[in-house]
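1. what shape does this take:
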Amino acid sequence: MTQVENSLANPPPQGSPFSQARLVELWCAEPIFFASQELSDTYYTEGVIGNYALAYALGWARSPYRLKGKETGKPRYFEDLTPLRGQHYILPAWSVNQGPSFRFERFNALSDSYWYAMTNNRVATAREDLPLNRTGKKPNTYRPSNFPQTGRLRMIERGNRFQTLVFGEGELPEYIRVGKFTSKVRLEVSDPRPVEWLPPDCYSCNTYLNAADLPPQFDLLRFDVISIPPAPLLKNLQFRGPAWRVGDWTCPADVAFCGGNSDETP
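-> Numbers count the residues shown, from 1 in each chain. Below is the predicted model:
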């Protein structure tokens, strides 16, 4: 019996709800866009893929199609993702190469009508709207909106490769869709590897981490921050505490979506 088979046949190691993890490589079949940063009229995508986006893309959680009342004003990460504790977990995906390549695209959502003019947070396409707007009355052709009309998008170029670790069992799809434009991504899943629990000590993490998923009472010694919504990502982390080792990869033990605490309110 091989080491992996022997590990999978045994219960999860001490302190870990997972007995196995798989290395997954993601190949971008289409350009991917996330609004990671907004500078003037340019919208930047960082060179990472967040694990919350991947969890939804894998079908582990589904948000309601329609939200009502107070539910419309807040995200549902706690409600959707914390029930996955101990069943599934995925780390943010990082580039296989030194850094991904990007492409810029310009978008133009202005009207192609014969006449239009910029008013307060909207584009008027009817001449009668302009005097109405100036007198404080609400035009009825378009409702005011704050959507950008023109700008540039920095997107992850097609053909980039990312990788991540998926903890837990269950079949993974061959293709998923991620990003604002639901771009197509192909998954190449490796064979399961055992999750080794390491006792508390100082370790260097060679994966990316979601700062909101770290367990409490955990000492961060050194790290770099990638500031993106909904939660910043950490890389080059050095920490003190228990750890998980999967093959050549080491990360903090007990990471879970939203810290695994479903009682907190966002």
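2. quick one: low-confidence parts of the stretch 51-200 of the chain?
-> 119-122, 127-148 (pLDDT under 70).
3. all strands of it, in order?
-> Listed in chain order, the strands of the stretch 51-200 of the chain (DSSP state E, counting those that start in this stretch) span 89-90, 94-95, 102-108, 117-119, 122-124, 150-156, 161-167, 175-178, 183-189, 193-194, 196-204.
4. highest mean neighbour count out of those strands?
-> Comparing the strands of the stretch 51-200 of the chain by mean neighbour count (mean count of other Cβ atoms under 10 Å), strand 89-90 ranks first with a mean of 26. The C-beta positions use only the backbone N, C-alpha and C, and glycine is treated the same way.
5. could I get the contacting residues of A21?
-> 165-168, 192-193, 195, 244, 246 (Cβ atoms under 8 Å, 6 or more residues apart in numbering).
6. save those residues as JSON lines, and put in distance to P232 too.
-> JSON lines is the format used below for those (distance: Cβ to Cβ, whole Å):
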{"residue": "L165", "distance to P232": "19"}
{"residue": "V166", "distance to P232": "22"}
{"residue": "F167", "distance to P232": "21"}
{"residue": "G168", "distance to P232": "24"}
{"residue": "P192", "distance to P232": "30"}
{"residue": "R193", "distance to P232": "28"}
{"residue": "V195", "distance to P232": "25"}
{"residue": "W244", "distance to P232": "21"}
{"residue": "V246", "distance to P232": "23"}
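7. state the pair within those that is farthest apart.
-> P192 and W244 (14.0 Å; Cβ to Cβ).
8. compare those two (neighbour count), which wins?
-> Between P192 and W244, counted using other Cβ atoms under 10 Å, W244 has the larger neighbour count: 25 against 18.
9. specify the beta-bridge partners of R106.
-> With DSSP bridges as the criterion, R106 is bridged to R152.
10. you'd agree it is up against R154?
-> No: checked against Cβ atoms under 8 Å, the pair R106 and R154 is beyond contact range at 11.0 Å.
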